[in-house]
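*Asks:* mind looking at a prediction? Sequence and model below.
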Number of protein chains: 2
Amino acid sequence: MSPIPLSERQRKIAEIVRQEGPVAGETIARELGLSRAALRSDLAILTMSGILDARPRVGYFYTGKNTLGLLQEELSSITVEDIKSVPIVVSSEKSAYDAAITMFLEDVGTVFVVEGPEGLLHGVVSRKDLLKAALNPGSDLHQLPVAMVMTPLSKIVTASPEEPAASAARRLMDHEIDCLPVVRLLDQDPRRLQVLGRVTKTNFTRLLVELAEGKGGNYHS
Amino acid sequence: MSPIPLSERQRKIAEIVRQEGPVAGETIARELGLSRAALRSDLAILTMSGILDARPRVGYFYTGKNTLGLLQEELSSITVEDIKSVPIVVSSEKSAYDAAITMFLEDVGTVFVVEGPEGLLHGVVSRKDLLKAALNPGSDLHQLPVAMVMTPLSKIVTASPEEPAASAARRLMDHEIDCLPVVRLLDQDPRRLQVLGRVTKTNFTRLLVELAEGKGGNYHS
């Protein structure tokens, strides 16, 4: 998909008004080397779509409103499910060292600790947790159960697959963490969480890049 | 700033067409409980602005083009300078342990190694580098110079303050790293880099959240 939203001339007009506004139609026409009449339909489209606004005896000015509003709409339709990665897990019986090795092998910054035959979420371990444990004098990561260094279930912040990606990103920022487990409740029991995936700052950075490169349309079926 | 891009009715029309398109104007009118005539100007705005397209005997369909194109324009105007954080640095004479402590005190995942009275960039150390060093049997982070675990200057990927934020984000993804030093060349010498800041996946995630919440206008002076 190759996005061609406004004509080249309309983009130029919007940019002139953004930089110089408020500016008279005559001035825009002069800068582009065109007649006022030649600009009329472009200015009509730009004002009707809300990108520019016009005031009598003042001229055209840039609102920025349309851009941001459409952007919000675009973003609100992209869900956690659309951008999540596969979860990387270790069993709660493993050591902190095992968790670190899993992290290096899979090249991830966070590993989920799971337990039981259903693989229910039990905790989250980050590089920061492991580095802190490793710096502790006299500690041996081989002897340390992963459960001793993880963030326990009661303190884990999660995401649901249906929620907008941007609301999960907001939660990451508010809690100053790097990763959210994407989970589903089993039996309506808040202590029994099935792990469906993970969303991290990497997923959000990738989403930003894809939107900037005009690939956001991929998220709509 | 409160973004009100399209009227409530125009948003509803766009959403109906996104979900059901191609769809006839009569169908849209019926679903909204309006006459075809009442819809005419809204449909004209939506098609002229490129959000919808119309084909004879087929109906209206959603392009997604305009949204993404405007989004691309919005994003291309936000620079690294607009979103960067202050750099956190350690001197190249310090130990790996000192770098780890700085990381915990400042709560950052990456620290820049600098040297000399001008504080020129010498290397980059991440949590991953330090965790790997800590896991190495027999290693003592107190005795290990930070220069032994850092990524050296010759292999560092950097950002300039003037470049679009999205292009820096793209570089992070391509190189699978978490952080770029924001630098300026001193004396046109590529080995003499002054550190102006850092951009990380945290900055890009925050940018995504702010755009989703309609705060992107803050980035324009």
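*Replies:* All right, it came through fine.
*Asks:* which strand runs longest in chain A?
*Replies:* In chain A, with assignment by DSSP state E, the single longest strand is strand A:189-200.
*Asks:* mind listing the strands for chain A?
*Replies:* Going by DSSP E, chain A shows strands at A:52-55, A:59-62, A:89-91, A:110-115, A:120-126, A:151-152, A:179-186, A:189-200.
*Asks:* nearest to residue B:180, out of these?
*Replies:* The minimum distance between residue B:180 and these falls on strand A:189-200, with 17.5 Å, by Cβ to Cβ. Any C-beta I mention is one placed from the backbone N, CA and C, and that applies to glycine too.
*Asks:* buried residues in the closest one?
*Replies:* For strand A:189-200, a neighbour-count test (16 or more other Cβ atoms under 10 Å in any protein chain shown) marks A:192-193, A:195-200 as buried.
*Asks:* swap in stretch A:144-157?
*Replies:* A:144, A:146-147, A:149-151, A:153, A:156.
*Asks:* can you list the domains in chain A?
*Replies:* Segmentation of chain A into domains, based on the TED database, reads A:6-74, A:78-207.
*Asks:* now do the helices in chain A.
*Replies:* All helices of chain A, identified by DSSP state H, fall at A:8-20, A:25-32, A:36-48, A:65-76, A:80-83, A:96-106, A:127-135, A:165-175, A:201-212.
*Asks:* how about those helices in CSV, adding mean neighbour count, mean pLDDT and distance to residue A:119?
*Replies:* Formatted as CSV, those follow (neighbours: other Cβ atoms under 10 Å in any protein chain shown; pLDDT from 0 to 100; distance: least, Cβ to Cβ, whole Å):
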stretch, mean neighbour count, mean pLDDT, distance to residue A:119
helix A:8-20, 17, 82, 51
helix A:25-32, 16, 92, 62
helix A:36-48, 16, 85, 54
helix A:65-76, 22, 64, 32
helix A:80-83, 20, 96, 19
helix A:96-106, 19, 97, 14
helix A:127-135, 21, 95, 20
helix A:165-175, 20, 96, 22
helix A:201-212, 23, 93, 22
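*Asks:* can you say which of these is nearest to residue B:138?
*Replies:* In terms of Cβ to Cβ, the element of the helices of chain A nearest to residue B:138 is helix A:127-135, at 13.5 Å.
*Asks:* so what's the residue count around residue A:52?
*Replies:* Using other Cβ atoms under 10 Å in any protein chain shown, residue A:52 has 26 other residues around it.
*Asks:* so it sits right up against residue A:44, yeah?
*Replies:* No: applying Cβ atoms under 8 Å, one finds residue A:52 not in contact with residue A:44, separated by 10.0 Å.
*Asks:* can I get the strands of chain A in JSON lines with distance to residue A:27?
*Replies:* Below are the strands of chain A laid out as JSON lines (distance: least, Cβ to Cβ, whole Å):
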{"stretch": "strand A:52-55", "distance to residue A:27": "13"}
{"stretch": "strand A:59-62", "distance to residue A:27": "8"}
{"stretch": "strand A:89-91", "distance to residue A:27": "62"}
{"stretch": "strand A:110-115", "distance to residue A:27": "54"}
{"stretch": "strand A:120-126", "distance to residue A:27": "55"}
{"stretch": "strand A:151-152", "distance to residue A:27": "59"}
{"stretch": "strand A:179-186", "distance to residue A:27": "50"}
{"stretch": "strand A:189-200", "distance to residue A:27": "47"}
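*Asks:* looking at those, which is closest to residue B:164?
*Replies:* strand A:59-62 (18.8 Å).
*Asks:* dump that closest one to PDB, restricted to CA.
*Replies:* What follows is strand A:59-62, C-alpha atoms only, in PDB (Å, rounded to 0.1, in the frame of the first residue of the first chain):
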ATOM      1  CA  GLY A  59      -5.900  34.500   6.500                       C
ATOM      2  CA  TYR A  60      -5.300  30.800   6.600                       C
ATOM      3  CA  PHE A  61      -3.800  29.000   9.600                       C
ATOM      4  CA  TYR A  62      -2.800  25.500  10.400                       C
END
